[in-house]
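Colleague: Output the structure for:
(2 chains)
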Amino acid sequence: MDKLAKKLKADAALIEVQVSDELDRRITASLQGVRPEIAVRPAVQRRPPVFWWASSLTGVAAALTLIAIVNFRSQVDDTLAVSPDMSPVAVATAPIIEWKAESAMLTGPLQQELLDLQSDLKKAEEKVKQEIGL
Amino acid sequence: MSNDDDQQLVDAAKAGSADAFADLVRVYRVRLLRFLLTRSTSYADAEDALQDTLIAAYRYLHTYDSRWRFSTWLYRIAIRNAGRIRSQSVVELGDLGDEEGDPMLQCIKASETENLWVSARRVLNDEVFAATWLRYAEDMSINDISIALDRPDSWTKVNLLRARRALDTEMNRKNNGNEAYG
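Modeller: The predicted structure follows:
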């Protein structure tokens, strides 16, 4: 322990305190009037084994039902999917649209707009410089 | 008293022994009162804080986690109670300049005016003062102080180092002053 630590330890002990009889009585009386709270844990409810079996069987039955429904639906979808004559008919009846498209010439106006904006910005900058006396 | 002794008493108190808790009270009441005096604006406030601390500790003993030291848990409650009581008080610690008002100065003999804790309270803020007290008056570890003050270890380390520097300067200044007059 170094010099400072020793000094602090010694000086702390020089702060003289006493628990008066009155304070002692107050504390004792207060503690007697207090009941420590007890940690309340939620009671664990043990279920009978029959519950476990019943829930397991219900789960298995639900799974089997689901599997059966999915298999039945996939068989129905397979029968509906076989229709070889449909696609040629659809192609033959669909109208052919001739698209006449031109690429838009947008670069010219945009370039002009950019130049205008730059010009406005420059004017505004000069105006500000004049106003502040630069 | 060792941590194992504390733990035995705490276990007994948790099991319903009021006598075991009374033993813990006897072990800690003077130490706690001394600490609370440094954080209170009057002796009566420190006594109230002590009473509230012990009642809260007894009431909520079931929440005490034995991974901590019992003293750490107790001081943590004490710091909260002292802060609560002081916030209700009209006088602030910084306003206490004279011996009439300061309960800590009242408990130091007139011949011990060089008590370093008086300087510590002047140069350190409340929380750093508490950390310094727990370290040097209560021999608590850095980790325990951090838990008691609800601060990270890094905060405790840095502020204890700063407090040491400030108190070293104070101690040297006082020693030099004594030599000059001697």
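
Colleague: any idea of the mean pLDDT in the longest helix belonging to chain B?
Modeller: Longest helix of chain B, by residue count under DSSP state H: helix B:153-181. Averaging pLDDT along helix B:153-181 yields 85.

Colleague: Determine the set of other helices and strands touching it.
Modeller: helix A:3-13, helix B:116-123, helix B:126-136, helix B:142-149 (3 or more Cβ pairs under 8 Å, 6 or more residues apart in numbering or on different chains; DSSP states H and E). C-betas here are computed from N, CA, C, even on glycine.

Colleague: where does the chain have low pLDDT?
Modeller: Since you didn't name a chain, this refers to chain A. By pLDDT under 70, the weakly predicted segments of chain A are A:39-46, A:76-95, A:99-107.

Colleague: Let me rephrase: I mean chain B.
Modeller: For chain B, the stretches with pLDDT under 70 are B:1, B:89-101, B:109-113, B:177-182.

Colleague: Point to the residue nearest the middle of it.
Modeller: Taking Cα atoms, centre = their mean as the criterion, B:F35 is the residue nearest the geometric centre of chain B, at 3.2 Å.

Colleague: starting at the chain centroid, how far to the longest helix of chain B?
Modeller: A distance of 19 Å separates the centroid of the chain from that of helix B:153-181, by Cα atoms, centre = their mean, to the nearest Å.

Colleague: how far off helix B:126-136 does it point, in degrees?
Modeller: Helix B:153-181 runs at 80 degrees relative to helix B:126-136, counting by axes from the mean of the first three to the mean of the last three Cα atoms, to 10 degrees.

Colleague: now the angle between helix B:116-123 and helix B:153-181, please.
Modeller: Using the same axes, to 10 degrees: helix B:153-181 against helix B:116-123 is 120 degrees.

Colleague: sorry, back to before: pretty sure the residue nearest to the centre of chain B sits against B:Y75.
Modeller: Yes: contact criterion Cβ atoms under 8 Å: B:F35 and B:Y75 qualify, at 7.0 Å.

Colleague: Over to the residue nearest to the centre of chain B. Which of the three states is it?
Modeller: Per DSSP: H, G, I helix; E, B strand; the rest coil, the local secondary structure of B:F35 is helix.

Colleague: ok, now which ones touch it?
Modeller: B:75, B:78, B:133, B:137-138 (Cβ atoms under 8 Å, 6 or more residues apart in numbering or on different chains).

Colleague: can I get the residues you listed in a markdown table with distance to A:Q112 and neighbour count?
Modeller: Shown next, in a markdown table, are the contacts of B:F35 (distance: Cβ to Cβ, whole Å; neighbours: other Cβ atoms under 10 Å in any protein chain shown):
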| residue | distance to A:Q112 | neighbour count |
| --- | --- | --- |
| B:Y75 | 77 | 27 |
| B:A78 | 78 | 27 |
| B:W133 | 77 | 24 |
| B:A137 | 81 | 20 |
| B:E138 | 80 | 19 |
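
Colleague: Which ones, among these, also lie beside chain A?
Modeller: Counting by Cβ under 8 Å from any Cβ of the partner chain, B:133, B:137 from the contacts of B:F35 sit close to chain A.

Colleague: Among the contacts of B:F35, list the two that are farthest apart in space.
Modeller: Spatial extent of the contacts of B:F35 (Cβ to Cβ) is set by the pair B:A78 and B:A137 at 13.2 Å.

Colleague: OK, contacts around the residue sitting furthest away from the middle of chain A?
Modeller: Distance from the C-alpha centroid of chain A peaks at A:D21, with 59.0 Å (Cα atoms, centre = their mean). Under the criterion of Cβ under 8 Å, 6+ apart, A:D21 has no neighbours.
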